[in-house]
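**Student:** Need the 3D shape of this:
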Amino acid sequence: QLQLQESGGGTVQAGGSLRLSCAASGRPWSTYEMGWFRQAPGKEREFVAGIRISWSGEDTYYRDSVQGRFTISRDNAKNTVYLQMNGLKPEDTAVYYCALDQVVLTIRSDYWGQGTQVTVSS
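**Tutor:** As a prediction, this is how the structure comes out:
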């Protein structure tokens, strides 16, 4: 059973940076997607960034509001995915969840981390 462990949340001022980490306890499949969702109080969980691993390599994709500010990357040897968040805004405040799926990341994906709080003060 795969397990995901997140770390790296915290509180920063607007314009600051944080880096989130998500380590998978085992090696996922040969092709899979791994990434980040977030959920603010009173709002639905939403996709933030993902990385698609396949035989041909890897591709990254982002929601529009974080494009250019957030960067997702992977350390294959450590089974770990990172989310570097720069230029943080108060509207980025949320609990961030790591997710893993054998096909495509959605809010119905099977594997989730416990969540880590990110708070951006104005």
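**Student:** what about I72, neighbour count?
**Tutor:** I72: 23 surrounding residues under other Cβ atoms under 10 Å. From N, CA and C alone the C-beta is placed, and that goes for glycine too.
**Student:** what do you get for A99?
**Tutor:** Counted with other Cβ under 10 Å, the neighbours of A99 add up to 25.
**Student:** For the helix or strand where it lies, which strands pair with it and how are they oriented?
**Tutor:** Taking DSSP states H and E as the definition, A99 sits inside strand 94-101. Strand 94-101 sits in its sheet next to strand 32-39 (antiparallel), strand 111-112 (antiparallel), strand 116-121 (antiparallel), going by DSSP bridges.
**Student:** Give me the residues contacting the first one.
**Tutor:** Applying Cβ atoms under 8 Å, 6 or more residues apart in numbering, the set of residues contacting strand 32-39 from outside is 20, 22, 24, 28, 45-53, 72, 74, 81, 83, 92, 94-105, 107, 115, 118.
**Student:** Please pick the buried ones from those.
**Tutor:** Among the contacts of strand 32-39, those buried by neighbour count (16 or more other Cβ atoms under 10 Å) are 20, 22, 24, 28, 45, 47-53, 72, 74, 81, 83, 92, 94-101, 105, 115, 118.
**Student:** picking that back up, kindly reformat the strands paired with strand 94-101 as a markdown table and extend each row with distance to Y62 and mean pLDDT.
**Tutor:** What follows is those, written out as a markdown table (distance: least, Cβ to Cβ, whole Å; pLDDT from 0 to 100):
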| stretch | distance to Y62 | mean pLDDT |
| --- | --- | --- |
| strand 32-39 | 9 | 96 |
| strand 111-112 | 19 | 96 |
| strand 116-121 | 16 | 98 |
